[in-house]
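Asks: Pasted the sequence and its predicted model underneath.
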Amino acid sequence: MTIENNRAPVQRRHPDWLKVRAPFGERTHQLKKLMGGLRLNTVCQEAMCPNMGECWSHGVATFMILGDICTRGCRYCAVSKGTPMKLDQEEPHRVAEAVEVMELKHAVVTSVDRDDVTDGGAAIFARTIEAIRERSPGCVVEVLIPDFQGSRESLDRVLEMRPEVLAHNIETVPRLYPKARAGGDYLRSLELLDRAHGWAPDVVTKTGMMLGLGEKEDEIHQVLKDLVERNVQILTLGQYLRPTPKHLPVVRHYHPDEFRSWKQVGEKMGFEHVESGPLVRSSYLADRQLKQLKEDRR
């Protein structure tokens, strides 16, 4: 925020490199209609993702299961908070139908936090993976899961279905968790990623982190070190963008050159693939991220 001549604070404009085209076009219209007809949510819409137009025109969408109300109050996230409705047991089949109709080769499934249910929604995740495999056996399945409040049983339930990619976002540095992610626990998230790799080493592990909340350079380095030590293979780094004035303000906008530099740092530290840029999000063209990782392994 800036103050001029004692006037009311004025919100800074985004830098030019953060400007994107509005998500319009026939493909976007068709997908919105399909999602509405099947009563499905996408994190693309709920989280106001700046890449929605690009991803949807590319045929990539991220399904958000377990409803559209989150039980936690993370101060960076645009998803609605409150008391959710009971779980929809038919949701896995509708997601699978959408994947089939869209002829997806790579489907991403994420969710809100559901601390109100015993398993955190793990059974619905597992059934969604199973339903997609039944209707679209050639489709790669990537899940972006919550921390399940540290439940090993819930994590194992998802891993038993062997998604090709299991992602869980670390989001920010541990110092900022109380302010930004009060319902989360840094060490709990690290343990989840570590356990996932140890229990199912054939499943690619992935995490994402936002920059711009007030983190320091040495703190970023330490988080990357912690993640590499847990054998996380894919890292995404993107600019935090304030969804509304009620959310945490942006402390700093990182230049694209800085994101390129962090990509180099991450890959030198041991990540197999780093997707880094101002508009990058965890599910941003997720099929491309996995393809690049596989190519780099050859």
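Replies: On my side now, so go ahead.
Asks: distance between stretch 122-141 and the chain's centre?
Replies: 18 Å (CA atoms, centre = their mean, to the nearest Å).
Asks: Identify the residues contacting that stretch?
Replies: 63, 65-66, 87, 89, 91-93, 95-97, 99-100, 104-107, 109, 111, 143, 145, 148, 151, 153-155, 157-158, 160-161, 163-165, 287, 290 (CB atoms under 8 Å, 6 or more residues apart in numbering). Backbone N, C-alpha and C define where each C-beta goes, glycine included.
Asks: pull the longest strand from this protein.
Replies: The strand spanning the most residues in the chain, taking DSSP state E as the definition, is strand 204-211.
Asks: where exactly do the strands run in the stretch 151-298 of the chain?
Replies: 165-167, 204-211, 234-239, 273-276 (DSSP state E, counting those that start in this stretch).
Asks: that older thread, using PDB, write out every CA atom in the longest strand of the chain.
Replies: This file holds the C-alpha atoms of strand 204-211, laid out as PDB (Å, rounded to 0.1, in the frame of the first residue of the first chain):
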ATOM      1  CA  VAL A 204       6.000 -39.100  -7.700                       C
ATOM      2  CA  THR A 205       5.800 -36.700  -4.700                       C
ATOM      3  CA  LYS A 206       5.300 -33.000  -5.400                       C
ATOM      4  CA  THR A 207       4.800 -29.800  -3.400                       C
ATOM      5  CA  GLY A 208       4.100 -26.100  -4.000                       C
ATOM      6  CA  MET A 209       5.200 -22.900  -2.300                       C
ATOM      7  CA  MET A 210       4.100 -19.200  -2.600                       C
ATOM      8  CA  LEU A 211       6.500 -16.300  -2.600                       C
END
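Asks: Counting by contacts, list what it packs against.
Replies: For strand 204-211, the packing partners by 3 or more CB pairs under 8 Å, 6 or more residues apart in numbering; DSSP states H and E come out as strand 165-167, helix 186-199, helix 217-229, strand 234-239, helix 286-297.
Asks: will you turn the ones you listed into CSV that also has distance to residue 121, mean neighbour count and mean pLDDT?
Replies: Shown next, in CSV, are these (distance: least, CB to CB, whole Å; neighbours: other CB atoms under 10 Å; pLDDT from 0 to 100):
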stretch, distance to residue 121, mean neighbour count, mean pLDDT
strand 165-167, 15, 24, 98
helix 186-199, 14, 18, 98
helix 217-229, 24, 16, 98
strand 234-239, 23, 25, 97
helix 286-297, 20, 16, 86
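Asks: closest to residue 263 out of these?
Replies: Nearest to residue 263 among the helices and strands packed on strand 204-211 is strand 234-239; the distance by CB to CB comes to 7.3 Å.
Asks: And that closest one, how far out from the chain middle?
Replies: On CA atoms, centre = their mean, the centre of strand 234-239 falls 10 Å from that of its chain.
Asks: got it, and stretch 81-97?
Replies: For stretch 81-97, the separation from the chain centroid amounts to 18 Å (computed by CA atoms, centre = their mean).
Asks: The helices and strands packed on strand 204-211: which one's closest to residue 174?
Replies: Smallest distance to residue 174 across the helices and strands packed on strand 204-211 (CB to CB): 4.0 Å, for helix 186-199.
Asks: any residues touching the closest one, and which ones?
Replies: 147-150, 152, 155-156, 159, 166, 168-170, 174, 177, 203, 205, 207, 226-227, 230-232.
Asks: Report the buried members of those residues.
Replies: Of the members of these, the ones counted as buried by neighbours, 16 or more other CB atoms under 10 Å, are 147-149, 155-156, 159, 166, 168-170, 174, 177, 203, 205, 207, 226-227, 230-232.
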